[in-house]
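J.: okay, predicted coordinates and the sequence, questions at the end:
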Amino acid sequence: MRRNFWIGFILILGLIGLGAYVSLPSTEQFLGRDTIVRQGLDLQGGARLVYELDLSRTNDDDRTNAIESTRQVIERRVNSTGVTEPLIQPGKLGTKQTLIVELPGITDVNEATDLIGKTAQLDFREADPNSDDKWLPTGLTGKQLSRATVTFDQTTNAPQISLTFNNEGKQLFGDITGRNIGKPVAIFLDEEVLSAPTVQDKITAGEAVITGQFSIQEVKEIVSLLNAGALDVPIKLVEQRTVGATLGEDSVKRSLVAGLVGLILVVIFMLINYRVAGIVAVLALLAYTVITFGLFKFIPVTLTLAGIAGFILSIGMAVDANILMFERMREELALGKDIKIAMEESFRRAWPSVRDSNMATIITCAILFFFTTGVVKGFALTLAVGVIVSLFSSITVSRSLLRLFALNGGLRRMLERV
């Protein structure tokens, strides 16, 4: 038993050391992943864009779905630019419906607005037999597109766009190419011809290639637009504002001061109320802090003020399990039980309450994470990570430290006066 205890204790120390290493400001990469601290718009600044939605051609019953669909398309487009944790939410400008887009850390606002504002309407057209300069729709559009990818011509190494259709698109594309052998089929994007290759044979594999005089950047942008989908309603940029990080720096300082004050108060309470056992709780809390922050950097979690609030809140929750166990240990010792038996009984009896209370919080965090966006989502993620790590620190770390203290005669007698 003692051998197993020491193996487990060494593993715990190793995990804490690993968390401390990743948490260091100098650690910017670990296991091939960037581990720099990512900050949201309210901390590092960025761009705030407001788009007006043209719902004049949308039925009243379909407006809610059209707004949500447009929001999702914009979010996919923004994510393709590498912006972390954008905030995209509906709003109102007078009687007009709008979408508010906040982009933390964005450096090229014009690039973002160009990408967001495009419609990305893809469709295939065949030549009109009665007119040399007219193209007829075939019914094959971006709606039947399964995936677009960047590829390169094997001969010229020129960048090109490979398209893969779903089952419906595969059937349509086969019919279109079958009846246009020896004729051109034009590929249009936003009413502009990307290419008009001549069909050599019927294509039944459901795949097509768009070639042309494209740069690699243009190909990547087109692929991103096609994969994101087309906007359901027209949008117009009505407000553009750059947000500075000055307020964010001040808010971070105040948040850190608040977190430090809260941590100090928790430490004082645990030391006064539980003495040596309180020292165990404080050490477990320090382990919790370095492991949690290390996970924030490794996942990575984009820190906003709301996310920092979730982290600070989880600090208080990290010691609630210790309080339950220490109070139960007092009761067991009052019944005259040996300290080792009292410790094991306290953990065994307190575990159901600790488990259920933390699971309730994790379930709430999951609901907030999957059904909200922006800062609320960030708050839910930081709180959930904090709660999960707190279970480890309050149960495993605290338990191991108490067993370690119980091996020393002096500390053991002091633990009996918890």
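T.: That came through, no problem.

J.: distance of the residue nearest to Ala20 when sequence neighbours are not counted relative to Gly17?
T.: When the adjacent residues along the chain are set aside, Ala20 lies closest to Val290, with 4.4 Å between them (CB to CB, 6 or more residues apart in numbering). In this view, the C-beta of every residue, glycine as well, is placed from N, C-alpha and C. Relative to Gly17, Val290 is positioned 9 Å away (criterion: CB to CB, to the nearest Å).

J.: returning to what we had before: tally of neighbours for the residue nearest to Ala20?
T.: For Val290, the count of nearby residues is 21 (other CB atoms under 10 Å).

J.: tell me the helix or strand right after the helix or strand hosting it.
T.: Val290 is located in helix 276-298, with elements delineated by DSSP states H and E. Proceeding C-terminally, helix 276-298 gives way to strand 302-303 as the next helix or strand, assigned by DSSP H and E.

J.: quick check: longest helix in the protein by residues?
T.: If you go by DSSP state H, the chain has its longest helix at helix 339-371.

J.: could I get the buried residue list for that one?
T.: 339, 342-347, 350-351, 354, 358, 361-362, 365, 368-369 (16 or more other CB atoms under 10 Å).

J.: quick one on the thing from earlier: quick one: list the elements packing against the helix holding Val290.
T.: Judged by 3 or more CB pairs under 8 Å, 6 or more residues apart in numbering; DSSP states H and E, the packing partners of helix 276-298 are helix 2-23, helix 246-274, helix 305-318, helix 320-334, helix 374-391, helix 398-406, helix 409-415.

J.: tell me the buried residues in that helix?
T.: 276-282, 284-298.

J.: cool, stretch 149-162 as well?
T.: Of the residues in stretch 149-162, those buried under the neighbour-count criterion (16+ other CB under 10 Å) are Thr151, Ala158, Pro159, Gln160, Ile161.

J.: mean confidence score for stretch 227-240?
T.: Here stretch 227-240 scores 80 as its mean pLDDT.

J.: contacts for it, please.
T.: If you take CB atoms under 8 Å, 6 or more residues apart in numbering as the criterion, stretch 227-240 is touched by 47-55, 57-58, 66-67, 69-70, 73-74, 76-77, 80, 93, 98-99, 109, 113, 116-117, 119-122, 142, 147-148.

J.: which ones among the residues you listed map onto strands?
T.: Per DSSP state E, strands hold the following members of the contacts of stretch 227-240: 47-53, 93, 98-99, 122, 147-148.

J.: gap between Gln217 and Val223?
T.: To Val223, Gln217 is 11 Å away according to CB to CB.

J.: and these two? Which one has more around it.
T.: Here Gln217 and Val223 are set side by side on neighbour count (other CB under 10 Å), and the busier one is Val223, at 21 against 9.

J.: confirm that one sits in a helix?
T.: Yes. Val223: assigned to a helix according to DSSP: H, G, I helix; E, B strand; the rest coil.

J.: can you check the pLDDT for it?
T.: According to the per-residue confidence, Val223 scores 84 in pLDDT.

J.: beta partners of the residue lying closest to it once chain neighbours are set aside?
T.: Closest residue in space to Val223, ignoring its immediate chain neighbours: Ala148 at 4.6 Å, by CB to CB, 6+ apart. Residues in a beta bridge with Ala148, per DSSP bridges, are Leu163.

J.: what about Ala148, how many residues nearby?
T.: Applying the criterion other CB under 10 Å, we find 22 residues in the vicinity of Ala148.

J.: thought it was touching Phe165?
T.: No. In this structure Ala148 lies outside contact range of Phe165 using CB atoms under 8 Å: 10.4 Å.

J.: so where's the stretch 251-400 of the chain shaky on pLDDT?
T.: Segments of the stretch 251-400 of the chain classed as low confidence (criterion: pLDDT under 70) are 373-374.

J.: let's see that with 50 instead.
T.: Counting by pLDDT under 50, the stretch 251-400 of the chain shows no low-confidence range.

J.: go on, the stretch 101-250 of the chain?
T.: Short version for the stretch 101-250 of the chain, where the test is pLDDT under 50: none.

J.: can you give me the strands for the stretch 101-250 of the chain?
T.: For the stretch 101-250 of the chain, the strands defined by DSSP state E, counting those that start in this stretch cover 122-127, 135-141, 145-152, 159-165, 185-189, 192-195, 207-210, 235-243.

J.: name the residues of the last one that come out as buried.
T.: Meaning strand 235-243. Counting neighbours by 16+ other CB under 10 Å, the buried set in strand 235-243 is Ile235, Val243.

J.: what angle do it and strand 46-53 make?
T.: Relative orientation of strand 235-243 versus strand 46-53 (axes from the mean of the first three to the mean of the last three CA atoms, to 10 degrees): 160 degrees.
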